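Student: give me coordinates for this.
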Amino acid sequence: MNNYEAVGGPILDRSQYDAKVNYNRTEKHTIFVKYDFMSAKSGGNGIFGVAGGPAPAGDPGLGHTTVQVAAIGHTYTFSPNVVLDGTVGYERLNQNVKGTDYGTNYGSVLGIPGLNGSDLRDSGFPDISFSTYTGFGVPNWMPLFRTDETYTTSHKLTYTKGAHELKFGFDLVRHHLNHWQPELSAGGPRGYFSFGGGVTSEVGATAAVNQYNAYAQFLLGLPGNTQKGEQYILMTGREWQIGGFAQDRWQVSRNLTVTLGLRYELFPLMTRSNGKGIESYDPTTNNVLMGGRGNVPLDAGVTVSHKLFAPRAGIAYRLDEKTVIRTGYGLNYDPLPFSRPWRGFYPLTINNSYTGANSYQPAQGAASLAAGIPPIIGPDLSTGIVPLNPTAEERAPLAGELKRGSVQSWNFTLERRLPLDVVTSIGYVGQHSSHLLADYDLNAGVPGLGKAGQPLYAKFGDSAQVYDSSGYLSSEYHSLQVAFNRQFSKGLLLKGAYTWSHAIDFTDDDGWAEMSWYGNQFSRNRATAGFDRTQVLQVGWVYELPVGKGKAYLNSGLISKVLGGWQFSGIEACYTGTPFTVGSNSTSLNAPDQTQTANQVLQNVAFIGGIGQNAYYYNPAAFAPVTTATFGSAGRNILRGPGVWNTNMSIVRDFSFKELLKMQFRSEFYNLPNTTHFGNPDTSVTDANFMKITSSSGQRNIRFGLRLTF
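Tutor: The predicted model follows:
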């Protein structure tokens, strides 16, 4: 509830061990071996006890994670102008996270049929969600059991001949993913119930759904959405990533250096363990094709490009002894492993979702808590052609070439040495990304029609989200970047950077992000990126007091011993706020998986700048709720929240007792002036706190430490 407050701290214990051995085998050959091990336990206790709910700084549960990293590498010098180096590496992550309710069958306790299952991992409290209140239960993503492995090898030959420095290299990566985590959407192995308030609101009423509607719907036990997931097949992924490159750094003249390179990438199509292939979706038949099963080919009709060439070029020209011009261009391909976004959708994971015919009716097939959740029956996999369950969420590529994301980057920079040993630069940096991977819902609804407006529901009775997981998006980034740097001299080091930029995209994540709008509204997704900060200024400094032994002042005596050796450093950061979208309740829209925004009723949205319970950051009268089956006129990320000013500082001094015994005293001050970092205002036009800022962070944090080395 909004008037309930709980305090507490997260659970966090971590141990890390590192070892490395360097071996000079001969004058020409050096070898290193390293091994790193990390073990961590983290989590929190839910604020509602056995009923779960959020936990301070996390979710209610306890996770155990171990990470092991091993590598062996070498450098062999054949001659002064020919050098070979290479590494072979291995990384393994083991992780399990269990909710605080793990091991208890609450289906019998609460009297809700179908809640848990025979598998111990299906035990626990259901995930219960409200549109206006904090939910309770353990979130759907628990429990999880993961084992991920990565094998790598990389080799490079450097050959210097006259004005040319030639490099040739080869990289090989192998990813293994093994997950048990039947979360998907909002489901999960313990069941999920959503109470949005639509069932207890008046059909066609102009008043927005409120907290009383949501709680009344809960008291009646009439969920608007009921879900449950089961792990039918272990989620696995096996991927190769292969690359090679050639590069020439050519010293054309004393003032001109040109670098040219070409890289080739090959990303073979992902497979599953035990020789099975991936899954693809056929929208004409509503079937999932399972590669390597029955008569379905291993690739399930999906292909990848074998023409991924990535050129790079750079030029550095020295105008005089103090001025250098640099420019460059490069093309890179997104190495995102598909094992993660494709890790476990239907039928690997079965997530049955039940919703009403429209937002005013309870979930069909699971209309009440007393009725419970219908049993999940897995499909026959023998033919490799599996009809998509009408309530199952799906994410898979379609047949044809799978486009892999690419990023083109370019820059032009002028660098100049100034008096007082300061080097400054000013430049333009830009990027254009193509074929970015994201979810496109093929089953998004039409306003006012509910399920009947979903394309796949009309053809196949399918009411869940069905995502085409292909590379089809683009993004842009343009910036003016200014930097200055003063190397450590006479006790002072300075570094600073200022960026004035603009990032534009369709969505802010890569691989499994969803759009806000589909169909004829899709172009509205292209807007300022949610992570965009127009201006960023950062200044770092290190200063040693000019007193003490070996310094210019007071280099002997008692005062020298007291004041000498102290080092001060700090980072100053100032940046503008992030954008946000003004939303509205989507009940009247009645279009599954479409996002609703408010109506902007004033052309200019006045900035007020108020902060606090009774103050507005922007004029709330500029927006109005949408009460009809139409999209609101407000766009994505049209307003921006408060910026941040932050100062961190540290004070350090080393003490030497003997030649091999030293101690370091360190004090660190995070947010030294204790300035408040305000969150964005409430963005929902129907909320009582709309356009009010009610959250903040950034309290001062002071740490002291002693480090003994011997």
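
Student: by residue count, which helix of this protein is the longest?
Tutor: Longest helix of the chain, by residue count under DSSP state H: helix 211-219.

Student: CA atoms of that one as CSV?
Tutor: C-alpha atoms of helix 211-219 as CSV (Å, rounded to 0.1, in the frame of the first residue of the first chain):
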residue,chain,number,x,y,z
GLN,A,211,-7.3,2.0,-6.8
TYR,A,212,-10.7,1.1,-5.5
ASN,A,213,-11.6,-0.7,-8.7
ALA,A,214,-8.3,-2.7,-8.5
TYR,A,215,-8.7,-3.7,-4.9
ALA,A,216,-12.4,-4.5,-5.3
GLN,A,217,-11.5,-6.8,-8.2
PHE,A,218,-9.0,-8.5,-5.9
LEU,A,219,-11.5,-9.0,-3.1
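
Student: let me see the mean pLDDT of that helix.
Tutor: Mean per-residue pLDDT for helix 211-219: 87.

Student: check which helices and strands it sits against.
Tutor: Helices and strands touching helix 211-219, by 3 or more C-beta pairs under 8 Å, 6 or more residues apart in numbering; DSSP states H and E, are strand 127-130, strand 192-195. No exception for glycine: its C-beta is placed from N, CA and C like everyone else's.

Student: so after that helix, what's the next helix or strand?
Tutor: Remark: after helix 211-219, the chain's next helix or strand is strand 225-231, criterion DSSP states H and E.

Student: which residues of the stretch 51-200 of the chain fall in helices?
Tutor: All helices of the stretch 51-200 of the chain, identified by DSSP state H, counting those that start in this stretch, fall at 106-110.

Student: hang on, the earlier thing: show me what counts as buried in the longest helix of the chain.
Tutor: Q211, N213, A214, Y215, A216, Q217, F218 (16 or more other C-beta atoms under 10 Å).

Student: ok, the closest residue to the second one other than its chain neighbours - contacts?
Tutor: Same thing as N213. Closest residue to N213 apart from its sequence neighbours, by C-beta to C-beta, 6 or more residues apart in numbering: G197 at 3.3 Å. Applying C-beta atoms under 8 Å, 6 or more residues apart in numbering, we find G197 in contact with S131, T132, V209, N210, Q211, Y212, N213, A214, A216, Q217, T587.

Student: ok, of those residues, which one's closest to Q251?
Tutor: Ranked by distance to Q251 (C-beta to C-beta), the contacts of G197 are led by S131 at 65.1 Å.

Student: thought T200 was touching that closest one, still the case?
Tutor: No: applying C-beta atoms under 8 Å, one finds S131 not in contact with T200, separated by 11.5 Å.

Student: what do those two both touch?
Tutor: In terms of C-beta under 8 Å, 6+ apart, S131 and T200 are both contacted by the residues A214.

Student: state the number of residues packed around the nearest residue to V288 once chain neighbours are set aside.
Tutor: Nearest non-adjacent residue to V288, counting by C-beta to C-beta, 6+ apart: V386, 4.6 Å away. V386: 21 surrounding residues under other C-beta atoms under 10 Å.

Student: and the helix or strand harbouring V386, which strands flank it?
Tutor: Element membership for V386, per DSSP H and E: strand 385-387. Strand pairing for strand 385-387, determined by DSSP bridges: strand 287-290 (antiparallel).

Student: what mean pLDDT does the strand it pairs with get?
Tutor: Strand 287-290 carries an average pLDDT of 96.

Student: check stretch 254-265 too.
Tutor: Mean per-residue pLDDT for stretch 254-265: 97.

Student: same thing with stretch 589-608?
Tutor: On average, stretch 589-608 scores 94.

Student: show me what counts as buried in it.
Tutor: Residues of stretch 589-608 classed as buried by neighbour count (16+ other C-beta under 10 Å): 589-600, 605.

Student: just how off-centre is that stretch within its chain?
Tutor: Using C-alpha atoms, centre = their mean, to the nearest Å, the mean C-alpha position of stretch 589-608 is found 26 Å from that of the whole chain.

Student: in which helix or strand does Q538 reside?
Tutor: Using DSSP H and E, Q538 falls in strand 535-544.

Student: what's that strand packed up against?
Tutor: strand 492-505, strand 566-575.

Student: list the buried residues in the one helix or strand in the chain whose mean pLDDT sits lowest.
Tutor: Taking mean pLDDT, DSSP states H and E as the measure, helix 558-563 is the helix or strand of the chain with the lowest mean score, a mean of 74. Going by neighbour count (16+ other C-beta under 10 Å), the buried part of helix 558-563 is S560, L563.

Student: go on, stretch 354-372?
Tutor: Those would be 354-356, 358-363, 366-367, 369, 371-372, for stretch 354-372 by 16+ other C-beta under 10 Å.

Student: try stretch 562-574
Tutor: Within stretch 562-574, the residues scored as buried using 16+ other C-beta under 10 Å are L563, G564, G565, W566, S569, G570, E572.

Student: for the residue nearest to the first one when sequence neighbours are not counted, what are its contacts?
Tutor: Yep, that's L563 we're talking about. Nearest non-adjacent residue to L563, counting by C-beta to C-beta, 6+ apart: V547, 4.8 Å away. With contact set as C-beta under 8 Å, 6+ apart, V547 has these partners: Y553, L554, N555, I559, S560, L563, G564.

Student: where does the one residue sitting closest to the centre of the chain land in three-state SS?
Tutor: Centroid-nearest residue in the chain, with C-alpha atoms, centre = their mean: D509, separated by 6.4 Å. Secondary structure, DSSP: H, G, I helix; E, B strand; the rest coil: D509 is coil.

Student: dump the residue contacts of the residue lying closest to it once chain neighbours are set aside.
Tutor: Of all residues not flanking D509 in the chain, A438 sits nearest, at 7.3 Å (C-beta to C-beta, 6+ apart). For A438, the contacting residues are Y472, L473, F506, T507, D509, D510, G511, W512, A513, E514, M515, by C-beta under 8 Å, 6+ apart.

Student: what bridges to A438?
Tutor: A438 has the following beta-bridge partners by DSSP bridges: S470.

Student: which SS class is T595?
Tutor: Assigned by three-state DSSP, the conformation of T595 is coil.

Student: so what pairs up with Q247 in the strands?
Tutor: Going by DSSP bridges, Q247 forms beta bridges with K167, G261.

Student: ok, it touching V258?
Tutor: No: Q247 is not in contact with V258 according to C-beta under 8 Å; the separation is 11.2 Å.

Student: compare the two (neighbour count), which wins?
Tutor: Higher neighbour count among Q247 and V258: Q247, with 18 against 15, using other C-beta under 10 Å.

Student: what about that one, distance to T259?
Tutor: Distance, Q247 to T259, by C-beta to C-beta, to the nearest Å: 7 Å.

Student: widest-spaced pair of the buried residues of stretch 589-608?
Tutor: P592 and V605 (29.7 Å).

Student: output the below-cut-off pLDDT ranges for this structure.
Tutor: For the chain, applying pLDDT under 70 flags the ranges 1-9, 50-52, 57, 184-186, 204-208, 511.

Student: now the strands for the stretch 401-550 of the chain?
Tutor: 406-418, 422-441, 466-489, 492-505, 527-528, 535-544 (DSSP state E, counting those that start in this stretch).

Student: so how far is the fifth one from its chain's centroid?
Tutor: In terms of C-alpha atoms, centre = their mean, the centre of strand 527-528 is found 18 Å from the chain centre.

Student: how about the fourth one?
Tutor: Once both centres are worked out by C-alpha atoms, centre = their mean, strand 492-505 turns out to sit 22 Å from its chain's centre.

Student: report the angle between that strand and strand 466-489.
Tutor: Counting by axes from the mean of the first three to the mean of the last three C-alpha atoms, to 10 degrees, strand 492-505 lies at 160 degrees to strand 466-489.
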